[in-house]
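Engineer: need coordinates for the following:
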Amino acid sequence: MVRDVDLFRELTETSGAPGYEDRIRDIVRREFDGVVDEVRSDTMGNVVGTIEGADRPEYEVVVAAHMDEIGFMVRHVTDDGYLQVDALGGWDARILRAQRVTVHADEGDLPGVIGSPPPHTLDEEDLDEDDAVEDVFIDLGMSAAAVEDRVSKGDLVTMAQRTERVGSTLTGKSIDNRVSLYAMLQAANRVSPAVTVHFAATVQEEVGLRGATALGVDLDPDLAIAVDTTVANDVPQIEKEADYVTVLGEGAGVKLKDSSVITNPKVHRRIQSVAETADIPYQIEILPAGGTDTAGFQTTAGAKPVGAISVPTRYLHTPVEVAHEDDVVAVVDLLTAVLDSEDGEHDYTL
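Structural biologist: The predicted model follows:
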């Protein structure tokens, strides 16, 4: 089971839309206190906690997990006091009807709902219309004057959802990617690395891997490992097992590729070897669509050997994302084992 479910719940229930990760950043800094040797942040908001290597401090490893969740930004307040929004990240507009949200206004958070007209009043043409984020209207249950006074263009909106245990799983609004942030923080508490490890909580991943790309310029690691969620499509709606990508409860995902990166073969083979030696359950991940912070270290900063460890997650980019507790434990164990066994002598050159 997840060791610190209270921290897990705090991370997933706290809001942090892309570019506005302040509340999550505060938690990360708090959790780094007394654990790492140095904490710093940059002008984008990435937070890096560094543990100096005991034997080879000049050899540097970066572990990256993004802090942001998909959300919205208020783009218009109608004359009737309803909010229209612009997406921050990849939403499937079909799942937005009848959801609870939180509007983050300057003077405090406001609860709201995305309404959906009852089917009694819709004709067949209305029911057949495609949903779009641009068509979303948020109802704050307030007069137009009160909304105009409290809400401004540019305010952030996130989903309102509690994190709950459901059987052997945990479900909530932002498992992507707070589960990986949790895993990284747990690993930071457990490792005694021979090399220097930078634990990087990154920003704006959901809008184009922006934080990690900038971090890839600021840091010059010898090895980079991203931790993120991945698709677990082992659900009735997906008929072909080949389309599952990963399966819930079968262990950590070891990424070979996604649409943003092809991981270094020597890196992912070593991750697999560590898992097998330590008897940590894992599964191979080949993700046909979607990018991760892994790619941020193969851009401007040069050719860095990269790998990624993934948390299989059902129903990604919805308010009810689901991760299996055994998989979360496997990711923490595997990340810890990889970092503790990195001595700086592995040759990742191809």
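Engineer: which stretches of the protein aren't confidently modelled?
Structural biologist: Under the criterion of pLDDT under 70, the regions of the chain flagged as low confidence span 119-129, 300-301.
Engineer: okay, now the domains of it?
Structural biologist: When the chain is parsed into structural domains using automatic domain parsing, the resulting residue ranges are 5-69+173-341, 71-159.
Engineer: so which other helices or strands are in contact with the helix or strand containing Gly49?
Structural biologist: When secondary structure is defined by DSSP states H and E, Gly49 falls within strand 47-51. With contacts defined as 3 or more Cβ pairs under 8 Å, 6 or more residues apart in numbering; DSSP states H and E, the secondary structure elements packing on strand 47-51 are helix 22-32, strand 38-41, strand 195-202. C-beta coordinates here come from the backbone N, C-alpha and C atoms, glycine included.
Engineer: pairing partners for the second one, with directions?
Structural biologist: In other words, strand 38-41. For strand 38-41, the paired strands and their directions (DSSP bridges) are strand 47-51 (antiparallel).
Engineer: cool, the last one as well?
Structural biologist: Within its sheet, and counting by DSSP bridges, strand 195-202 is paired with strand 47-51 (antiparallel), strand 56-66 (parallel).
Engineer: can you name the next helix or strand after that strand?
Structural biologist: Taking DSSP H and E as the definition, the helix or strand that follows strand 195-202 towards the C-terminus is helix 210-218.
Engineer: quick one: that following helix to chain centroid distance?
Structural biologist: Relative to the centre of its chain, helix 210-218 is centred 16 Å away, using Cα atoms, centre = their mean, to the nearest Å.
Engineer: what's the most buried one of the domains of the chain?
Structural biologist: Ranked by mean neighbour count, the domains of the chain are led by domain 5-69+173-341 with a mean of 21 (mean count of other Cβ atoms under 10 Å).
Engineer: name the SS class of the nearest residue to Phe297 once chain neighbours are set aside, please.
Structural biologist: Closest residue in space to Phe297, ignoring its immediate chain neighbours: Ala224 at 3.9 Å, by Cβ to Cβ, 6 or more residues apart in numbering. Taking DSSP: H, G, I helix; E, B strand; the rest coil as the rule, one finds Ala224 in the strand state.
Engineer: picking up where we left off before, export the helices and strands packed on strand 47-51 as CSV, with columns for distance to Gly108.
Structural biologist: Below are the helices and strands packed on strand 47-51 laid out as CSV (distance: least, Cβ to Cβ, whole Å):
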stretch, distance to Gly108
helix 22-32, 13
strand 38-41, 25
strand 195-202, 25
